[in-house]
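[1] sequence first, then the predicted structure:
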Amino acid sequence: MLAKTILMATPSSPSACLYEFDVVVVGAGHAGTEAAAAAARLGAKVALLTGNLDTVGQMSCNPAIGGVAKGQIVREIDALGGLMGQAIDATGIQFRLLNRRKGPAMHSPRAQADKRGYQMAIKETIENYPGIHLVQELVEDLLVEQDGPRARIRGVLTRGDAHYRADTVVLTTGTFLQAIMHTGEAKTEGGRAGEGTTKGISGALTRLGFELRRFKTGTPPRLNAKSIDFAATELQPGDDDPQPFSYLNSGITTPQIPCYITYTNSAVHDLIRANLHRAPMYSGQINSTGPRYCPSIEDKVVRFADKDRHQLFLEPEGRSTTEVYVNGISTSLPRDVQDSIMRLIPGLENSQIMRYGYAVEYDYSPPDQLTPSLETKLVDGLFLAGQINGTTGYEEAGAQGLLAGANAALKAKGSEPLILTRDSSYMGVLVDDLVTRGVDEPYRMFTSRAEYRLLLRQDNADRRLTKLGHELGLVDNARHALLVEKEAAIAAAKEQIETSRMEGGTGTKHLRRTATTWEEMCGHIPELKAYSPTVVDQVVWDIRYEGYVSRQQMQIDRQQRMSQKRIPSTFSYERIRGLRTEAKQKLSRIQPLNIDQAGRISGITPADIALVLAHLENPP
Ligand code: FAD
């Protein structure tokens, strides 16, 4: 029996209520909404409990979805029937495909969102989702039963003594666990401006034996557009041909709103240097690690001391608000310093801050405490997803949520978990990195994290994942039918090209040359004019990248032969003679499922793997 974190057969007071579900999801942010929806698509009866119904799907920081590597993740979430892609297509105010001039593996969709519109789109979707019961509840404890050597989750306890019973629970509490916000010397409890914090869940996890650590993240000030002199800034328009995120949509027709660019300067940097002693990150008030790639302005000034300016993007927060997000100047400096900084930036000299920037420190659970299905190793049936796992970003949270929610529902049904491989998706890379390597700073996705990124393009996420999603029940027939139709069109076009003779060779050989344009191909083969741009892209890239792709495929096949060597969960590393103590400890803690995963644990050497393999093949 475990402290207060116990299974109670009956509610603890006569007034307490008891509700029964297949899956309980705690927190309706980006991870929680995808988790609930994925579990519901798999037929589970889901309770989605969240502290405040008015913040379902809220964007805590940047009002934007996608970006480099993140855009690819949103396309994958969509390919598996998730929510994010359709919500941003419906509410985006500026769409851009980043890295257009680079190869297709680097093309990354990003859209500025109408923040409130996005949130309402997600909320409305969830409210109408068959199988989801969305309830405003603050979860204060976990109901856990000791089942032999292992603890089993049995549900959650909410403020007001309601029991939500379920054999699978997904925690997606974001930045809210024992959270403290900092603006200069001022410290307040809360996971997001205007909101409170959650203490009970941290206490429950600690009592159950989980290690918790702390990270920090920050957000910039928001300005009133009326007080900005846009004439002194640079215009940044959206794309002329905005591309949707969702494979269900063929275009974006809503009008686009421009963003603007301005810069900091040496006067701003001098002011920040003079006030560093008042910055919580430098005064010693905050000790936890923040996102290295998304530093605060005070961090940038210190770390990149030789740079005399930093770019700032002025991004509207929506169509019906004058709030403007100042991307690039995240800060927890005191309010008076934030005001003074604005006076020195071109275009912002007379700007009025509507919300001051701040930093937040919060508990997270190091993700090497999870199995690849995102279930905790310590408590059977308990899944964690999103920022609670030490990640940052809406997209990373959504991806984990979808997988954890699906796996909670699959477990409730007694089915095998959904584990995506590194060669199938960025989602697979994300989860494998988290559970195998853990994190020592807030984790965000980069294209460089994916060794097979030529395969994991934003344009082919449906071709990689939708069939699998359909087989599992995550993807409905209509979405699957679109894929089948698209694959048939791609195959037909490739066949027409292969069987045509052009300049002494096949059409395929001709198209392989980078100088060949599609218009030229259509001149020779008029039937090709009938295909949609999405089909044309697939045909061109399939043909042009065939050589690279088949080389990557050979690598994957080799890797898979290795990875097929499974390691039983009862396997004892302690008994392997000659295995280094550090390797024994790491392997016992992570419990890799197979040799492939074992080999990717940081600090595990090829020599360690050779010993494990030998022991697996010839146990004593
Ligand atoms: P959240 O979106 O935070 O959702 C958690 C949900 O859980 C909330 O709805 C909350 O109400 C609910 N909840 C919490 N505790 C309970 C409880 N006990 N009972 C019921 N419900 C509960 N990301 C970036 O990529 N770049 C950035 O620069 C960046 N800066 C940030 C700055 C700030 C100040 C904050 C707060 C976040 C920032 N983020 C940033 C992170 C981004 O907001 C998160 O990555 C993303 O929202 C995580 O999604 P999530 O679903 O895990 O959590």
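    Okay, I see it. Computed from a predicted structure; not experimentally measured. Residues are numbered from 1 along each chain as shown.

[2] quick check: buried residues in stretch 332-344?
    Within stretch 332-344, the residues scored as buried using 16 or more other C-beta atoms under 10 Å are 332, 333, 334, 337, 338, 340, 341, 342, 344. All C-beta spots, glycine's among them, are computed from the backbone N, C-alpha and C.

[3] meant to ask about stretch 129-144
    By neighbour count, with 16+ other C-beta under 10 Å as the criterion, the buried positions of stretch 129-144 are 129, 131-134, 137-144.

[4] got the contact list for whichever residue of the stretch 1-150 of the chain sits closest to the ligand?
    Distances between the stretch 1-150 of the chain and the ligand by C-beta to the nearest ligand atom are smallest at residue 29, namely 2.0 Å. Residue 29 is in contact with 50, 55, 57, 58, 60, 172, 174, 386, 387, 397, counting by C-beta atoms under 8 Å, 6 or more residues apart in numbering.

[5] of those, which are in range of the ligand?
    Filtering those for neighbours of the ligand using C-beta under 6 Å from any ligand atom leaves 50, 55, 60, 172, 174, 386, 387, 397.

[6] so the residue positioned nearest the centre of the chain is in which element?
    Nearest residue to the geometric centre of the chain (C-alpha atoms, centre = their mean): residue 396, 0.8 Å. Assigned by DSSP states H and E, residue 396 belongs to helix 394-413.

[7] send me that helix as CSV with only the CA atoms.
    Extracted in CSV, the C-alpha atoms of helix 394-413 (Å, rounded to 0.1, in the frame of the first residue of the first chain):
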residue,chain,number,x,y,z
TYR,A,394,3.1,22.0,-29.0
GLU,A,395,4.0,19.6,-31.8
GLU,A,396,6.2,17.4,-29.7
ALA,A,397,3.5,17.4,-27.0
GLY,A,398,0.7,16.5,-29.5
ALA,A,399,2.8,13.6,-31.0
GLN,A,400,3.4,12.1,-27.6
GLY,A,401,-0.2,12.6,-26.6
LEU,A,402,-1.5,10.8,-29.7
LEU,A,403,0.8,7.8,-29.1
ALA,A,404,0.2,7.7,-25.3
GLY,A,405,-3.6,8.0,-25.8
ALA,A,406,-3.6,5.3,-28.5
ASN,A,407,-1.4,3.0,-26.3
ALA,A,408,-3.6,3.6,-23.2
ALA,A,409,-6.7,2.5,-25.3
LEU,A,410,-4.8,-0.4,-26.8
LYS,A,411,-3.7,-1.6,-23.4
ALA,A,412,-7.3,-1.2,-22.1
LYS,A,413,-8.4,-3.6,-24.9
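
[8] identify each buried residue in that helix, please.
    Quick answer for helix 394-413 (16+ other C-beta under 10 Å): 394-412.

[9] need the residues of this protein near the ligand, please.
    26-32, 49-52, 55, 60-61, 138-139, 172-176, 192, 198, 201, 217-219, 294, 330, 360, 386-387, 392-394, 397.

[10] ok, the residue located most distally from the centre of the chain to residue 143 distance?
    For the chain, the largest distance from the centre (C-alpha atoms, centre = their mean) belongs to residue 504, which lies 48.6 Å off. Distance of residue 504 to residue 143, given as C-beta to C-beta, to the nearest Å: 73 Å.

[11] do the same with residue 81
    To residue 143, residue 81 is 30 Å away according to C-beta to C-beta.

[12] quick revisit: show only the entries of the residues of the chain next to the ligand found in helices.
    Within the residues of the chain next to the ligand, residues falling in helices by DSSP state H are 30, 31, 32, 201, 394, 397.

[13] pretty sure residue 147 contacts residue 380?
    Yes - if you go by C-beta atoms under 8 Å, residue 147 and residue 380 touch, sitting 6.9 Å apart.

[14] the more surrounded of the two?
    When neighbours are counted by other C-beta atoms under 10 Å, residue 147 and residue 380 differ, and residue 380 comes out ahead with 18 against 13.

[15] can I get the buried residues of stretch 332-344 in TSV including pLDDT?
    TSV is the format used below for these (pLDDT from 0 to 100):
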residue	pLDDT
332	92
333	94
334	94
337	96
338	97
340	97
341	97
342	97
344	97
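
[16] what would those look like in CSV with secondary structure?
    CSV is the format used below for the buried residues of stretch 332-344 (DSSP: H, G, I helix; E, B strand; the rest coil):
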residue, secondary structure
332, coil
333, coil
334, coil
337, helix
338, helix
340, helix
341, helix
342, helix
344, coil
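
[17] can you tell me which of the residues you listed is closest to the ligand?
    Taking C-beta to the nearest ligand atom as the measure, the ligand sits nearest to residue 332 out of the buried residues of stretch 332-344, at 9.3 Å.

[18] the nearest residue to the closest one once chain neighbours are set aside: how many residues sit nearby?
    Closest residue in space to residue 332, ignoring its immediate chain neighbours: residue 359 at 3.6 Å, by C-beta to C-beta, 6 or more residues apart in numbering. With neighbours defined by other C-beta under 10 Å, the count for residue 359 comes to 25.

[19] so what's residue 359 up against?
    Contacts of residue 359 by C-beta under 8 Å, 6+ apart are 181-183, 216-219, 280-281, 286, 290, 296, 332.

[20] quick one: which of these sit in strands?
    Using DSSP state E, the subset of the contacts of residue 359 located in strands is 181, 182, 183, 216, 217, 218, 219.

[21] about what we covered before: let me know the closest of the buried residues of stretch 129-144 to residue 492.
    Using C-beta to C-beta, residue 129 comes nearest to residue 492 of those, at 36.3 Å.

[22] that closest one contacts residue 38, correct?
    No - with contact defined as C-beta under 8 Å, residue 129 does not count as touching residue 38 (10.5 Å).

[23] what residues are up against the residue in the stretch 451-600 of the chain that the ligand sits nearest to?
    Per C-beta to the nearest ligand atom, residue 458 is where the stretch 451-600 of the chain lies closest to the ligand, at 18.0 Å. Each residue near residue 458 by C-beta under 8 Å, 6+ apart is listed here: 71, 72, 75, 107, 108, 109.

[24] could you dump these to JSON lines with neighbour count, pLDDT and distance to residue 598?
    JSON lines is the format used below for the contacts of residue 458 (neighbours: other C-beta atoms under 10 Å; pLDDT from 0 to 100; distance: C-beta to C-beta, whole Å):
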{"residue": "71", "neighbour count": "28", "pLDDT": "98", "distance to residue 598": "32"}
{"residue": "72", "neighbour count": "30", "pLDDT": "98", "distance to residue 598": "27"}
{"residue": "75", "neighbour count": "29", "pLDDT": "98", "distance to residue 598": "31"}
{"residue": "107", "neighbour count": "20", "pLDDT": "93", "distance to residue 598": "34"}
{"residue": "108", "neighbour count": "24", "pLDDT": "95", "distance to residue 598": "32"}
{"residue": "109", "neighbour count": "27", "pLDDT": "97", "distance to residue 598": "35"}
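
[25] turn those residues into a markdown table, columns for secondary structure and distance to residue 602.
    What follows is the contacts of residue 458, written out as a markdown table (DSSP: H, G, I helix; E, B strand; the rest coil; distance: C-beta to C-beta, whole Å):
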| residue | secondary structure | distance to residue 602 |
| --- | --- | --- |
| 71 | helix | 28 |
| 72 | helix | 24 |
| 75 | helix | 29 |
| 107 | coil | 30 |
| 108 | strand | 27 |
| 109 | strand | 31 |
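
[26] just the closest of these to residue 603, please.
    Proximity of the contacts of residue 458 to residue 603 was ranked by C-beta to C-beta; the top entry is residue 72 with 28.8 Å.

[27] now for that closest one: which residues touch it?
    108, 426, 445, 447, 456, 457, 458, 461.

[28] so which elements touch the biggest helix by length in the chain?
    If you go by DSSP H, the chain has its longest helix at helix 477-498. Helices and strands touching helix 477-498, by 3 or more C-beta pairs under 8 Å, 6 or more residues apart in numbering; DSSP states H and E, are helix 461-472, helix 507-512, helix 533-544.
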